[in-house]
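Participant: below is the structure, and that's it, no one-letter string:
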Ligand code: SF4
C-alpha cells in the first residue's frame, strides 16, 4: 500500500451512520448510501487520526490485507482521501447546524367546491410567512378550465413552487394538462383516479416533465418509505439532527379551512377564513409540538441508520413524559436491515421487537438468532 504513512480522511460530506444492525456511509454530495462492514466502521471511528501503519501496528499486523482492502475500497470509490497529519488538520467536519429563513417552509392546502376560503387569501397569508413550497390538492371534481381559473390567483407569487394535485376527468385533454403545467410556478403535477387503460398513453407525457398519473385516489397518495426515496442532502441531514423532517415548519389547511400542522395531526388551530395573519398560530408552542421530535428521540427510528435521511409522515406519540413511539411500523426494519418485500423480511414483532405506549422491548436472543439465520 503506497499510503502506509498517511491518514485517511472521509470527505466532509461522507458521514458515518450506525444503526442497530447495519453501518453506512452517507455521501451527501453524490447522493449515495453504502453499507459498510461493522469492522470498517469501527476502524474509521476509533483510528480517526492514525496513519495506516499505526492502524496495522495496533492489530500486530494480523489483518494487514483486510485493512488494505477496506481503505482501497474507500479510496477507489472516492469516499475520502489520504493526506499527511499536517494536511488533515486543514479539513474541518461539516457544520450540521440548521436554520431556515421561512416561518413556514412548506404548506399543504386541500380545496373542494365547498371550501369556504379563497385561494388568493390563503396564498397571501402563506406569503407573509415566507412559505415558498406549497402542495395544492384539489379534492373535488374540477374541469381544466376551473383549475386554470383557480391557479391564476397564484400568479401574484411567481417565486413559489407549487405541486398541483387533482382528480382526472374524462373531458380533460393533453393540451389542457400541459396548460396547467405551463404556469411557471407549477413544479409538479399529480393526477389521480386515472382509468388504468389510459395511464400508459398519458405517461408518455411525463417522460421529461414531473407529471405523474395514478390510478388510486388522492387520499392514498402518501407512499411507503423505501431505499429509493431516501433524501440524501445536506439540508435534510442537518434539519433531521434536531427536527422532525416531515412536521417541521409545515402548515396544513383542510378543505373546510381548518388550520393544522399537518394532515396527520388531530389538533386544530382555528379557521383560515377568520385569520388576518397566521404568524401567531405558527409561533404557538402547541402548533410546533411535533417540530422538534427528531428520529433520534423516537423508538426504533433511533436505532435506524437511515434516521437522518428519511421523511416519515407517521404521527409520533409520546408516553407520559417519556420517549416517542409510533403506532404503526415503518416499511424498514432496522433490527434486521430488511425492507418490506425483501427476502427474509420480518415485521418488528416477528423479530422480537415491540414498541407501544408501554415501552420498547427487544428480545435480543430472538433477534440475534434471526440475524444469524439471515446474514451469516
Ligand atoms: S425506521 Fe424510522 S428512521 Fe428508519 S427509515 Fe423508517 S421511519 Fe426512517
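Facilitator: Right, received. Where do you want to start? Predicted model only: the values in this text are computed from it and were never measured.
Participant: and residue 203, what pLDDT?
Facilitator: Looking at residue 203, its pLDDT stands at 79.
Participant: report how many residues lie close to residue 202.
Facilitator: For residue 202, the neighbour count with other Cβ atoms under 10 Å is 18. The C-beta positions use only the backbone N, C-alpha and C, and glycine is treated the same way.
Participant: so which strand or helix has it?
Facilitator: helix 196-203 (DSSP states H and E).
Participant: how near is residue 8 to the ligand?
Facilitator: Distance of residue 8 to the ligand, computed by Cβ to the nearest ligand atom, to the nearest Å: 28 Å.
Participant: check the secondary structure at that residue for me.
Facilitator: Taking DSSP: H, G, I helix; E, B strand; the rest coil as the rule, one finds residue 8 in the strand state.
Participant: can you pull the contacts of it?
Facilitator: 44, 52, 71, 74-75, 80-82 (Cβ atoms under 8 Å, 6 or more residues apart in numbering).
Participant: now render those residues as JSON lines, adding neighbour count.
Facilitator: Below are the contacts of residue 8 laid out as JSON lines (neighbours: other Cβ atoms under 10 Å):
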{"residue": "44", "neighbour count": "23"}
{"residue": "52", "neighbour count": "21"}
{"residue": "71", "neighbour count": "22"}
{"residue": "74", "neighbour count": "21"}
{"residue": "75", "neighbour count": "15"}
{"residue": "80", "neighbour count": "19"}
{"residue": "81", "neighbour count": "17"}
{"residue": "82", "neighbour count": "20"}
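Participant: show me the residues you listed that map onto strands.
Facilitator: Judged by DSSP state E, strands contain the following of the contacts of residue 8: 80-82.
Participant: of those, closest to the ligand?
Facilitator: residue 80 (25.2 Å; Cβ to the nearest ligand atom).
Participant: with adjacent residues omitted, what lies nearest to the closest one?
Facilitator: Counting by Cβ to Cβ, 6 or more residues apart in numbering, residue 10 is the residue found nearest to residue 80 once chain neighbours are left out, at 4.0 Å.
Participant: ok, that neighbour to the ligand distance?
Facilitator: Counting by Cβ to the nearest ligand atom, the gap from residue 10 to the ligand is 22 Å.
Participant: kindly report the same for residue 95.
Facilitator: In terms of Cβ to the nearest ligand atom, residue 95 sits 23 Å off from the ligand.
Participant: between the contacts of residue 8, which sits nearest residue 304?
Facilitator: For the contacts of residue 8, the closest approach to residue 304 (Cβ to Cβ) belongs to residue 44, at 19.6 Å.
Participant: quick check: the closest one vs the ligand, distance?
Facilitator: 22 Å.
Participant: and the residue of the chain positioned farthest from its centre, which of the three is it?
Facilitator: Distance from the C-alpha centroid of the chain, by Cα atoms, centre = their mean, peaks at residue 60 (43.3 Å). Here residue 60 is recorded as coil under three-state DSSP.
Participant: now residue 71: closest residue in space, sequence neighbours ignored.
Facilitator: With Cβ to Cβ, 6+ apart as the criterion, residue 71 has its nearest non-adjacent residue at 5.5 Å, and that residue is residue 8.
Participant: picking that back up, using TSV, lay out the ones in strands among the contacts of residue 8 together with pLDDT and distance to residue 237.
Facilitator: TSV is the format used below for those (pLDDT from 0 to 100; distance: Cβ to Cβ, whole Å):
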residue	pLDDT	distance to residue 237
80	97	17
81	97	21
82	96	25
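Participant: what about the residue nearest the centre of the chain, which helix or strand?
Facilitator: Centrality entry for the chain: nearest residue to the mean C-alpha point is residue 311, 2.4 Å, by Cα atoms, centre = their mean. In this assignment (DSSP H and E), residue 311 forms part of neither any helix nor any strand.
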